[in-house]
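>>> I would like to see how this sequence folds:
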Amino acid sequence: MWHDTAPHQAAGLQRLMAEQPLRLLPVVCPATPNPAALELLWQLCAVLQRLSYPVIVLDGSAAEGRHAPGLAELLAGMPWPGEPDPGASSALAIVPAARGLARLARRDRSTGAADPLAPLAPLFRNYAAVALHASAEQLAPLVQHRRDCVPLVVTGPRARGMVAGYRQLKHLVLHAAISRCMVAALRPHAVPAADRQTTEALQALQRSARQHLGLRCHGTVVAPGRLQDIQRLALQLLENGCTMDTAGERQGGCLPFGRDACASFFPECSH
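Predicted coordinates:
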């Protein structure tokens, strides 16, 4: 059953916040760089932040390095710098994660771990949600044991974007055995004909995924910058996110990795 929360309905969000689980929000990054898709991710996270739902982004498209430590270093035992700062709770936390995600995938293959993402829960339990921004290839080995996982795939407009999206969906079905997903098709700016073509292409993608992959796709067309579309998609993403066991009582507050704090600790983390 799809969870579909309208932006003006706060009851569902308040119920989620009362439960207080750490939620995993898998967002598949496009095979080729797409600034509009990346901007949509920041907008989705910003909506959740404004609703007092602190989010940390693990960016699998950005590699850690000596001058940009990230997930790999945290998994190796590097402590968070500083203490929780309530003043930074409205900013977005972005952590480079390419090497760290690869390490988690290797851990799964070498140890047969039931959930390769389990080490994330104690690291980020001061957050409400972890947005896992990664390619289909990076994501598949990490969520193959999560039957409750509902990834979000963001596609470009019209048929070309849907073809690329179908390839990503096929990879996730074959290598992660997902049964459900969300697809957000970006609506072109002020091009009525392209708008209709995008809607039709999205419907074709949903039919193909159902018929050929056995995949249930919840599709939506999103206009970049249209707050109503972004709010609706953000709440759908949150409600369909899978939960992670934090292995202990959740602590209040958010760690100080906002855009400014993140840039100071992760110098190359500036999206």
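>>> hmm, Leu117 is touching Arg103, no?
No. Shown here, Leu117 and Arg103 do not form a contact pair, counting by Cβ atoms under 8 Å, at 11.6 Å. All C-beta spots, glycine's among them, are computed from the backbone N, C-alpha and C.
>>> neighbour count winner among those two?
Leu117 (24 against 16; other Cβ atoms under 10 Å).
>>> so what pLDDT did that one get?
You'll see Leu117 listed with a pLDDT of 91.
>>> dump the residue contacts of the nearest residue to it once chain neighbours are set aside.
Nearest residue to Leu117 in three dimensions, chain neighbours excluded: Leu142, at 5.7 Å (Cβ to Cβ, 6 or more residues apart in numbering). Leu142 sits next to 101, 104-105, 108, 116-117, 132, 134 when contact means Cβ atoms under 8 Å, 6 or more residues apart in numbering.
>>> 10 Å instead?
24, 26, 60, 101-102, 104-105, 107-108, 115-117, 120, 132, 134, 149, 176 (Cβ atoms under 10 Å, 6 or more residues apart in numbering).
>>> using ChimeraX, define a selection of the buried residues within those.
Remark: buried members of the contacts of Leu142, expressed as a ChimeraX selection using 16 or more other Cβ atoms under 10 Å:
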select :24,26,60,101,102,104,105,107,108,115,116,117,120,132,134,149,176
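>>> so which of the contacts of Leu142 belong to strands?
24, 26, 132, 134 (DSSP state E).
>>> quick one: low-confidence parts of this protein?
For the chain, applying pLDDT under 70 flags the ranges 1-20, 80-90, 108-113, 190-193, 246-271.
>>> quick check: longest helix of it.
Counting by DSSP state H, the longest helix found in the chain is helix 192-213.
>>> the next helix or strand after that helix vs helix 192-213, what angle?
Note on helix 192-213: by DSSP states H and E, the next helix or strand toward the C-terminus is strand 216-222. Strand 216-222 runs at 170 degrees relative to helix 192-213, counting by axes from the mean of the first three to the mean of the last three Cα atoms, to 10 degrees.
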